[in-house]
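Chemist: Fold the following, please.
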Amino acid sequence: MAMRRTAGLLGGRSDLAEGVGYSVKRRLLGRPLINEQLGEQRLSNPLALGVLAPDGISSSAYGTEEIMIELLKGGLAVTAFTLILPLTGVVLFVMALVVLSYREVVMVYTRAGGSYVVARENLGPRVAQIAAVALLIDYVVTVAVQVAAGTAAVASAIPAINNATLITLISIAIVIVMCYGNLRGIREAGRAFAVPTYLFSGVVILMIVTGLIREVFGDLPVHRWPLPGQITGHSSTSGLIAFGMVFVLLRAFANGGSSLTGIEAVSNAVSAFRPPEGRNARKVLVTEGLILGSLVAGISWLAHVTHAAPYSSGVPTVIAQEAKIVFGHSAFGTAMFIFVQAATALILYTGGNTSFNGFPFLASFVAEDAFLPRWLTKRGHRLVFSNGIVVLAILSCTLMAVVGANVNRLVPFYAIGVFTAFTMAGFGMAKYHHRMQEPGWRHKLVINFSAGVMSAIVVLIFVVVKFGEGAWLVVILFAIGVPALIRLRSEERRVGKECRSR
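Modeler: Next up, the predicted model:
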């Protein structure tokens with residue numbers, strides 16, 4: 001009896017010590033998890049595809065549109081609807097190289113970290129900070145781009161909210177909701193965010209197949225272009241010089257590179273998979289690549305045959321126009337149009353969830369190497385890296401508040417970080433294969449080195465053609481961020497030595 005009373009008193013004191021703040025946290029996030037339950041939070045392959053692939057797969061919703069914007073702005077007029085096909089082919093070629101490269105990454109480095117770990121292990125910890133800064137920037141901008149595109153999809157179905165300020169406010173609110181979902185833990189977030197991946201993939205494939213069938217039977221309408229509000233440029237049929245033509249194509253290709261964002265997400269969360277982690281991650285990565293490639297190719301083809309073109313305001317989107325053209329204006333067609341827009345908005349919103357998985361893991365690894373503050377390594381109430389999740393939400397909301405929730409305005413901040421990470425992973429894995437010389441190392445080296453070279457070329461293209469539109473800021477962030485991380489580590493080591501000498 002005395003022991004029971006003592007236990008009760010201790011329990012009461014513990015509850016008092018927890019305070020109001022802990023009580024609120026428990027109600028919002030659920031009961032706390034203990035470290036022994038961490039293994040239970042591993043992802044099955046279907047769930048991993050749903051959680052980690054939305055960023056990559058959802059980029060198909062705006063990749064084609066971003067290419068079209070630059071082609072039309074460049075004054076190519078109706079020629080843009082023809083050039084969209086070869087440019088999409090180039091983007092798909094680069095995509096295939098990147099997927100093949102990351103297939104090797106996930107098999108060798110089964111701990112989360114992706115290109116950062118590859119660069120650290122093969123190119124050295126200082127060089128790895130280039131990958132760290134690239135990925136951290138990528139994750140922040142990914143949230144902003146995905147959510148902004150999702151709100152544009154909603155506005156395409158509900159024109160009443162087609163207002164720049166309102167779209168930005170809605171987008172920021174969605175990021176806050178996503179932050180809350182991830183603070184509850186991987187399993188809770190995964191179940192909520194997995195469904196849109198399959199829903200979007202299925203309905204867009206249905207749209208593409210329906211459009212192809214209607215085209216075969218000569219029943220697919222063609223938009224009159226340009227319509228009021230659509231993007232146009234100065235006519236270039238007689239005055240465009242060769243250099244100008246190349247520049248326009250390079251800008252279009254750079255914009256199209258946004259279709260590749262999110263491919264690296266699987267490699268940044270390999271440790272979240274069930275054993276064998278590498279093999280399961282590889283399967284999910286290849287599946288994601290096949291789905292993404294099919295969607296990008298299909299959406300570009302429909303833009304080619306229907307002349308669906310982007311609007312200056314970003315609304316309605318190209319994919320929304322394609323859905324309306326393909327399914328028609330009947331009651332069934334209208335219902336399918338709304339369904340496509342709902343699925344598009346859902347996957348774009350949840351596409352930002354990939355960053356909420358990858359950013360905290362990466363930040364914890366960089367912090368473990370002493371290049372970021374140690375508090376980023378701590379797991380929170382639900383065994384997730386809560387500090388990293390909150391930091392990501394704050395940064396992405398700030399970016400949208402300053403720039404606005406407009407995909408075309410955000411893209412210049414986007415691809416430099418993405419392709420810099422691809423470059424580091426490619427060259428890092430090439431060095432690994434050359435050093436280890438495992439069976440089949442030569443063809444693996446060729447794949448990884450080629451992916452590294454191609455990604456480096458894309459980075460250079462993007463810096464040149466998008467410099468005045470925001471790429472300059474990313475260059476400055478690299479110039480400041482990398483030395484800052486290295487200095488932080490040196491300072492921590494200096495303080496550590498002083499403490500040990502006392």
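Chemist: Let me know how buried residue 246 is, in neighbour terms.
Modeler: Residue 246: 10 surrounding residues under other C-beta atoms under 10 Å. All C-beta atoms are positioned from the backbone trio N, CA, C, and that covers glycine.
Chemist: How far does the host helix or strand of it sit from its chain's centre?
Modeler: Element membership for residue 246 (DSSP states H and E) is helix 242-256. Centroid separation for helix 242-256 versus its chain: 23 Å, with C-alpha atoms, centre = their mean, to the nearest Å.
Chemist: Which helix or strand lies directly C-terminal to the helix or strand bottoming out on mean pLDDT in the chain?
Modeler: Across the helices and strands of the chain, the lowest-confidence element by mean pLDDT, DSSP states H and E is helix 2-29, at a mean of 47. Next helix or strand after helix 2-29 toward the C-terminus (DSSP H and E): helix 45-52.
Chemist: moving C-terminal of that following helix, what's the next helix or strand?
Modeler: From helix 45-52 onward toward the C-terminus, using DSSP H and E, the following helix or strand is helix 54-58.
Chemist: so what secondary structure elements neighbour that following helix?
Modeler: helix 125-157, helix 186-216, helix 277-306, helix 331-351, helix 353-368 (3 or more C-beta pairs under 8 Å, 6 or more residues apart in numbering; DSSP states H and E).
Chemist: still on that earlier bit, what helices or strands is the helix holding residue 246 leaning on?
Modeler: Against helix 242-256 (3+ C-beta pairs under 8 Å, 6+ apart) you get helix 60-73, helix 80-108, helix 441-465.
Chemist: now do 10 Å
Modeler: The contact analysis (3 or more C-beta pairs under 10 Å, 6 or more residues apart in numbering; DSSP states H and E) places helix 242-256 against helix 60-73, helix 80-108, helix 415-436, helix 441-465.
Chemist: Include mean pLDDT and distance to residue 169 when you put the ones you listed into CSV, please.
Modeler: Shown next, in CSV, are the helices and strands packed on helix 242-256 (pLDDT from 0 to 100; distance: least, C-beta to C-beta, whole Å):
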stretch, mean pLDDT, distance to residue 169
helix 60-73, 90, 20
helix 80-108, 92, 32
helix 415-436, 91, 26
helix 441-465, 91, 30
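Chemist: and the ones you listed, which is most packed in?
Modeler: Among those, the stretch with the highest mean neighbour count (mean count of other C-beta atoms under 10 Å) is helix 60-73, at a mean of 28.
Chemist: Report all helices and strands that that one contacts.
Modeler: By 3+ C-beta pairs under 10 Å, 6+ apart, helix 60-73 packs against helix 80-108, helix 125-157, helix 186-216, helix 242-256, helix 277-306, helix 318-327, helix 331-351, helix 407-410.
Chemist: any idea which of those helices scores lowest on pLDDT?
Modeler: If the helices and strands packed on helix 60-73 are sorted by mean pLDDT, helix 242-256 sits at the bottom with a mean of 75.
Chemist: buried set for it?
Modeler: The neighbour-count check on helix 242-256 (16 or more other C-beta atoms under 10 Å) flags 247, 248, 249, 250, 251, 252, 253, 254, 255, 256 as buried.
Chemist: Run the angle between that helix and helix 80-108 for me.
Modeler: Here helix 242-256 points in a direction 50 degrees away from that of helix 80-108 (axes from the mean of the first three to the mean of the last three C-alpha atoms, to 10 degrees).
Chemist: Can I get helix 242-256 in CSV, CA atoms only?
Modeler: Output of helix 242-256 as CSV, limited to C-alpha atoms (Å, rounded to 0.1, in the frame of the first residue of the first chain):
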residue,chain,number,x,y,z
ALA,A,242,20.6,32.0,-84.1
PHE,A,243,22.0,33.1,-80.7
GLY,A,244,18.6,34.3,-79.6
MET,A,245,17.0,31.0,-80.6
VAL,A,246,19.6,29.0,-78.6
PHE,A,247,19.1,31.3,-75.6
VAL,A,248,15.3,30.8,-75.7
LEU,A,249,15.7,27.0,-76.0
LEU,A,250,18.2,27.0,-73.1
ARG,A,251,15.8,29.0,-70.9
ALA,A,252,13.0,26.6,-71.8
PHE,A,253,15.2,23.6,-71.0
ALA,A,254,16.2,25.2,-67.7
ASN,A,255,12.6,25.7,-66.7
GLY,A,256,11.8,22.1,-67.8
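Chemist: okay, the residue nearest to residue 312 when sequence neighbours are not counted: pLDDT?
Modeler: Leaving aside its sequence neighbours, residue 312 sits nearest to residue 231 (C-beta to C-beta, 6 or more residues apart in numbering; 5.6 Å). As predicted, residue 231 sits at a pLDDT of 81.
Chemist: Residue 231 against residue 68, yeah?
Modeler: Yes - using C-beta atoms under 10 Å, residue 231 is in contact with residue 68, at 7.8 Å.
Chemist: shared neighbours, those two?
Modeler: Counting by C-beta atoms under 10 Å, 6 or more residues apart in numbering, the residues touching both residue 231 and residue 68 are 80, 309, 310.
Chemist: Now that the first one has come up, it's in contact with residue 68, right?
Modeler: Yes - taking contacts as C-beta under 10 Å, residue 80 lies within contact range of residue 68: 6.1 Å.
Chemist: any common contacting residues for these two?
Modeler: Common neighbours of residue 80 and residue 68, using C-beta under 10 Å, 6+ apart, are 87, 231, 252, 303, 304, 309.
Chemist: Just give me the closest of those to residue 430.
Modeler: residue 87 (27.3 Å; C-beta to C-beta).
Chemist: ok, now how distant is that closest one from residue 307?
Modeler: Distance from residue 87 to residue 307, counting by C-beta to C-beta, to the nearest Å: 16 Å.
Chemist: again, but for residue 247
Modeler: Plainly put, residue 247 is 24 Å away from residue 307 if you go by C-beta to C-beta.
Chemist: mind putting the helices and strands packed on helix 242-256 in a markdown table, distance to residue 359 included?
Modeler: As requested, these are exported to a markdown table (distance: least, C-beta to C-beta, whole Å):
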| stretch | distance to residue 359 |
| --- | --- |
| helix 60-73 | 21 |
| helix 80-108 | 18 |
| helix 415-436 | 12 |
| helix 441-465 | 21 |
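Chemist: what's the closest of those to residue 205?
Modeler: Nearest of the helices and strands packed on helix 242-256 (C-beta to C-beta): helix 60-73, 10.7 Å.
Chemist: How far off centre is that closest one?
Modeler: For helix 60-73, the distance to the chain centre is 17 Å (C-alpha atoms, centre = their mean).
Chemist: before we move on, what about stretch 394-403?
Modeler: 16 Å.
Chemist: buried set for that stretch?
Modeler: 395, 396, 397, 399, 400, 403.
Chemist: Quickly name whichever of the residues you listed is closest to residue 481.
Modeler: Nearest to residue 481 among those is residue 395, at 12.7 Å by C-beta to C-beta.
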